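A.B. asks: here are the coordinates; sequence isn't available:
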């Protein structure tokens, strides 16, 4: 299935305009630095673009304050439902947590990836 070129271009633009939290998380995950796992950033899973995607079928979303508004909460719930229907696991972290407590975020992520590795074929 061919992906929409406009969606791919938008993902590319998003990679070059990363938030501080996305930039920090990418520095921690890129190049198999975390548990020797392959991560992609601003990865297209049509019709959506996820912040980070791991080869284990794990999606990491970093949320800013706009994700606390009612309409965005509804949108995120629909999006999560769609992605989970594909068999993906969705993990959400707040930007301020990534920037202020990256160690706690990485510990949580390590546990999730470890469990996922144990149960995958």
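C.D. replies: Structure received. Values in this document were obtained by computation on a predicted structure and should not be read as measured data.
A.B. asks: What segments of this structure are helices?
C.D. replies: 5-16, 20-29, 70-85, 95-100, 102-119 (DSSP state H).
A.B. asks: which secondary structure elements does the second one contact?
C.D. replies: For helix 20-29, the helices and strands in contact under the criterion 3 or more Cβ pairs under 8 Å, 6 or more residues apart in numbering; DSSP states H and E are strand 39-45, strand 48-54, strand 58-63, helix 95-100, helix 102-119. To be clear about C-beta, it is placed using only N, CA and C from the backbone, and glycine gets the same treatment.
A.B. asks: of the helices of the chain, which approaches residue 46 most closely?
C.D. replies: helix 5-16 (6.3 Å; Cβ to Cβ).
A.B. asks: Show me what counts as buried in that closest one.
C.D. replies: residue 11 (16 or more other Cβ atoms under 10 Å).
A.B. asks: That one to helix 20-29, inter-axis angle?
C.D. replies: 90 degrees (axes from the mean of the first three to the mean of the last three Cα atoms, to 10 degrees).
A.B. asks: how close does residue 50 get to residue 8?
C.D. replies: Plainly put, residue 50 is 14 Å away from residue 8 if you go by Cβ to Cβ, to the nearest Å.
A.B. asks: circling back to that earlier point, now distance to residue 60 and mean pLDDT too, for the helices of the chain, in a markdown table please.
C.D. replies: What follows is those, written out as a markdown table (distance: least, Cβ to Cβ, whole Å; pLDDT from 0 to 100):
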| stretch | distance to residue 60 | mean pLDDT |
| --- | --- | --- |
| helix 5-16 | 14 | 90 |
| helix 20-29 | 7 | 97 |
| helix 70-85 | 12 | 92 |
| helix 95-100 | 10 | 96 |
| helix 102-119 | 7 | 93 |
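A.B. asks: I'd like those as JSON lines, with distance to residue 57 appended.
C.D. replies: Converted to JSON lines, these look like this (distance: least, Cβ to Cβ, whole Å):
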{"stretch": "helix 5-16", "distance to residue 57": "19"}
{"stretch": "helix 20-29", "distance to residue 57": "15"}
{"stretch": "helix 70-85", "distance to residue 57": "10"}
{"stretch": "helix 95-100", "distance to residue 57": "21"}
{"stretch": "helix 102-119", "distance to residue 57": "7"}
